[in-house]
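J.: only geometry, no sequence info:
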């Protein structure tokens, strides 16, 4: 049996490739609203962020999401993204890939 191909995505913050399951999708809707997309299926333009809380902090300083999506991003969204990434990283460390 042929091994299954693992879909890879590029991390918006670091530029490194990671398996899609190990990343968080951030989506910009038609109404220019940014949201965290836990399902990975929400309609809109998406970008992927690795489970690296320090990378999210650096992204806030460098305004990476503004450059990627071409809209003004509320600093509170970066805090929300940091909390979500930190939580997901902790879950993955505790429960492994099943989380």
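T.: Noted; the coordinates are in hand. On a predicted model such as this, the values are computed, not experimentally measured, just so you know.

J.: could you check how far the nearest residue to residue 73 once chain neighbours are set aside is from residue 53?
T.: Nearest residue to residue 73, sequence neighbours excluded (CB to CB, 6 or more residues apart in numbering): residue 65, at 4.8 Å. In this view, the C-beta of every residue, glycine as well, is placed from N, C-alpha and C. Using CB to CB, to the nearest Å, residue 65 is found at 15 Å from residue 53.

J.: neighbour-wise, which of the two wins?
T.: Comparing residue 65 with residue 53 by other CB atoms under 10 Å, the one with more neighbours is residue 65, at 24 against 18.

J.: what comes into contact with the helix or strand in which residue 94 is found?
T.: Under the criterion of DSSP states H and E, residue 94 resides in helix 75-95. Contacting residues not belonging to helix 75-95 are listed as 22, 24, 26, 34, 36, 49, 51-53, 56-57, 59-60, 65, 99 [CB atoms under 8 Å, 6 or more residues apart in numbering].

J.: and what of stretch 32-42?
T.: By CB under 8 Å, 6+ apart, stretch 32-42 touches 20, 24-29, 46, 65, 69, 71, 73, 77, 80-81, 84.

J.: show me where this structure has strands.
T.: 8-10, 17-19, 23-28, 34-37, 45-50 (DSSP state E).

J.: can you redo those as JSON lines with mean pLDDT, mean neighbour count and distance to residue 90?
T.: Below are the strands of the chain laid out as JSON lines (pLDDT from 0 to 100; neighbours: other CB atoms under 10 Å; distance: least, CB to CB, whole Å):
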{"stretch": "strand 8-10", "mean pLDDT": "96", "mean neighbour count": "16", "distance to residue 90": "21"}
{"stretch": "strand 17-19", "mean pLDDT": "95", "mean neighbour count": "14", "distance to residue 90": "18"}
{"stretch": "strand 23-28", "mean pLDDT": "95", "mean neighbour count": "20", "distance to residue 90": "13"}
{"stretch": "strand 34-37", "mean pLDDT": "95", "mean neighbour count": "18", "distance to residue 90": "16"}
{"stretch": "strand 45-50", "mean pLDDT": "94", "mean neighbour count": "19", "distance to residue 90": "15"}
